[in-house]
Each structure stands twice: as structure tokens, then as C-alpha cells.
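1. any chance you can model this:
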Amino acid sequence: MNLHALRVFYTVAKLGSFSGAAEALFISQPAVSKALKELEHQLNIQLIERASKGKKLTLSEGGQALYDHARSIFAIEKAAIDDIKSRTGLKRGTLVIGTSTTIASYWLPPYLAKFCAQYPHIKVEVQVANTAQIEHALLECTIDLALVEGTPTEPHIISKHWQNDLMSVVIPSNFKPTKDLKAWLNEQFWLLREPGSGTLEMSVKLLAEHGVQAEQSMQLGSNEAIARAVAQGMGVALLPNVVTEDLVQLGKLTRLSQKNNEQLSRPLYQLHYKDRPSSHAAQAFEKSLFSE
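-> Numbers count the residues shown, from 1 in each chain. Alright, predicted model coming up:
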């Protein structure tokens, strides 16, 4: 198989357009079309459903299968390049970490500080997004590893338990729950994260386990925004303790205690793409995550 033609196909499928692929690969649009026709002729299969003008390209069933294989092939290619570059004793290279806002703000900084002090010549980038977006970035090989809340939904992603994040239901300090706490919570207006967020997934799961449905709700884009909205009396929420600590100390929020002092928590996971070998920098950082 012609790897250049495969790369052209992969780029077209990833970007969704011939013109975008031509620009990304620094070749002409006719050259893109020619490479795709040659690949389809070689494989004797139509890879792309030609769309009418203005509509996004879609892959055929065979095209989707080839795209998945191509993604793995180019992930291994990138890993090989990164590995060779890193064999100077981690004196140069790049490590890209994908993570959620909460982990980036509260859990990650001490590990980053330690790693950067130990490997000052490694360039570290942190991409912050929700769990669904982080999974997509792993599959597209735009990040090396990830730290998220919740388990992955993609079968090509491997997860490893890292930490437990304590959570509590928080209410405005002037709210007075009734004795029937479950009934009272079911009557409240809930502030939740957006779809795709690991916090939303875990909040809904934990609340359901305790008989709370959160039928009246509003979605906000960050835990910090939710905490401040609760402090202003807009409703109640289930949030990580690390997010609400300052507002609790200031008396703006109250944490509700669970029966028998039960503690709510959510697991945090380290993720990597199973078809992509880890670079030396990624291996070193992963080792630091689990060394304490």
C-alpha cells in the first residue's frame, strides 16, 4: 500500500474536506484527488461517499475501517519518531497531557512541578477539555496521555485507576433542608455540568444511587461556575470537595453530611491509547503519577 496515499486519505477523513487536507499536507487539491483515486483503485473499494457542494464528506463502511487502521499506523509512526528523539536521556522532546478543568486546577500542578524540575528540557503542554473531548484527542494522537474522571467509552483506550476525588452535595448557607433529606433534594433546582463532562456522568450516577433524580436543572461549563452559582442561591450541586473548600471556609456554602458519615467519591483515571506505544517522556510522567 502506498503510505503517501494512505496519509492523504487519513487527512481528508480527519479534516472532512479535500481542500483542508491539501492545505495541511502542502499539496494541491488535484493531487489529493489523484492519491485517493489511486488508493481506491488499489484496494478496489470506494472509500469516501462523494458529497454535494457544501456538505461534509462521509466515509463508506470500508473507508471507516481503513481510517481506523490508518490512525493506528500513524500513531505508531509518531511514537517511533518521539522515541528516537527522546533517546538523548530525556534532554529534549514534548509531552502533551489532556485533562479536565478540575484535575488541571487542583490535582495536576504538584506532579507537573516535580516532572518539570526533573526534566527541564522537556516541553510540557496541558490541554484542558471534558472527558469526551479528551478521549477523542487520544484517538487522534494529539495528546500523549490523559487524566480524567470516569472510565472511557472507547474500546481502544486503556484506563488505570489513579486517585479518588471526594465529593459532597453543597447548598447555599441560608438553605434549610427538611428532615426527609431525599425528598427535599428531589425538590431542589440542581446545577450540573455539560454533556460529555466526567463530573456530570458521576454526579448523575451518585445521585441516582441515593434516590435523587435532579429533574429541575441547569447546565454550566465549569465546576467553579457551579460553585459560585450555588453560593448565590441559584440551587444545589454535587461537586468535588477541592472545588468548594474556599467557599465552605468563607461560609458561602454548606456541605451536606451523608448517613453514617458515608463519603461520596469518584475515581480519577489515567488513560492512554492502546495502539500507540508511550514515548519515554510519557512513561516517565506516568511513573511519577503512581510513585506516591
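2. got the domain boundaries for the chain?
-> 3-73, 85-162+268-289, 164-267 (automatic domain parsing).
3. quick one: distance of the first one to the chain centre.
-> A distance of 26 Å separates the C-alpha centroid of domain 3-73 from that of its chain, computed with CA atoms, centre = their mean, to the nearest Å.
4. cool, and the last one?
-> Centre-to-centre, domain 164-267 and its host chain are 22 Å apart (CA atoms, centre = their mean).
5. name the element residue 272 belongs to?
-> Per DSSP states H and E, residue 272 falls inside strand 264-273.
6. kindly apply the preceding question to residue 125 instead.
-> Per DSSP H and E: strand 123-128 holds residue 125.
7. just the strands from this structure, written as ranges.
-> 48-49, 58-59, 94-99, 123-128, 145-149, 157-172, 190-193, 217-220, 237-240, 253-255, 264-273 (DSSP state E).
8. and these, which one averages the lowest pLDDT?
-> Lowest mean pLDDT within these: strand 48-49, a mean of 86.
9. same for that one, what does it pack against?
-> Contact here means 3 or more CB pairs under 8 Å, 6 or more residues apart in numbering; DSSP states H and E; on that basis strand 48-49 packs against helix 3-15, strand 58-59. Any C-beta I mention is one placed from the backbone N, CA and C, and that applies to glycine too.
10. follow-up on the earlier one: residue 79: which of the domains of the chain is closest?
-> domain 85-162+268-289 (4.4 Å; CB to CB).
11. shaky segments in the stretch 151-292 of the chain?
-> 258-261, 292 (pLDDT under 70).
12. repeat the analysis, applying 80 as the threshold.
-> 151, 196-198, 258-262, 292 (pLDDT under 80).
13. which parts of this protein are helices?
-> 3-15, 18-25, 29-43, 61-86, 101-102, 109-118, 131-139, 181-187, 198-209, 223-231, 241-249, 280-289 (DSSP state H).
14. what's the most buried one of these?
-> Burial of these is given as mean neighbour count (mean count of other CB atoms under 10 Å); helix 101-102 ranks first at a mean of 23.
15. what helices and strands are in contact with that one?
-> Right, helix 101-102 is packed against helix 223-231 by 3+ CB pairs under 8 Å, 6+ apart.
16. just the residues contacting the helix it packs on, thanks.
-> Applying CB atoms under 8 Å, 6 or more residues apart in numbering, the contact partners of helix 223-231 are 101-102, 105, 170-173, 191-193, 199, 220, 235-237, 239-240, 243-244, 247, 252-253.
17. any idea which residue sits dead centre in this structure?
-> Compute the mean C-alpha point of the chain, and by CA atoms, centre = their mean the closest residue is residue 134, 2.2 Å away.
18. what is the neighbour count of the residue lying closest to it once chain neighbours are set aside?
-> Excluding its sequence neighbours, the residue lying closest to residue 134 (CB to CB, 6 or more residues apart in numbering) is residue 98, at 4.3 Å. Around residue 98 there are 26 other residues, counting by other CB atoms under 10 Å.
19. okay, residue 98 and residue 174: tell me how far apart.
-> 39 Å (CB to CB, to the nearest Å).
20. looking at the helices and strands packed on strand 48-49, which is nearest to residue 73?
-> helix 3-15 (7.2 Å).
21. ok, back up a step: dump the strand holding residue 125 to CSV, keeping only the CA atoms.
-> Presented in CSV, the C-alpha positions along strand 123-128 are these (Å, rounded to 0.1, in the frame of the first residue of the first chain):
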residue,chain,number,x,y,z
LYS,A,123,8.3,20.9,26.8
VAL,A,124,5.1,20.1,28.6
GLU,A,125,1.7,21.1,27.2
VAL,A,126,-1.6,20.7,29.0
GLN,A,127,-4.9,20.6,27.0
VAL,A,128,-8.0,21.1,29.1
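22. is it true that residue 160 touches residue 270?
-> Yes. Residue 160 lies in contact with residue 270 (CB atoms under 8 Å); the separation is 4.9 Å.
23. hang on, the earlier thing: strands paired with the strand holding residue 125, and their directions?
-> strand 94-99 (parallel) (DSSP bridges).
24. could you list the buried residues of the strand holding residue 125?
-> 124, 126, 128 (16 or more other CB atoms under 10 Å).
25. if we can go back for a sec, can the domains of the chain go into CSV with extra columns for distance to residue 79?
-> CSV is the format used below for the domains of the chain (distance: least, CB to CB, whole Å):
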stretch, distance to residue 79
domain 3-73, 10
domain 85-162+268-289, 4
domain 164-267, 26
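26. any idea how far residue 234 is from the closest residue to residue 177 other than its chain neighbours?
-> In space, and not counting its chain neighbours, residue 177 is closest to residue 184: 4.8 Å by CB to CB, 6+ apart. From residue 184 across to residue 234, the span is 17 Å (CB to CB).
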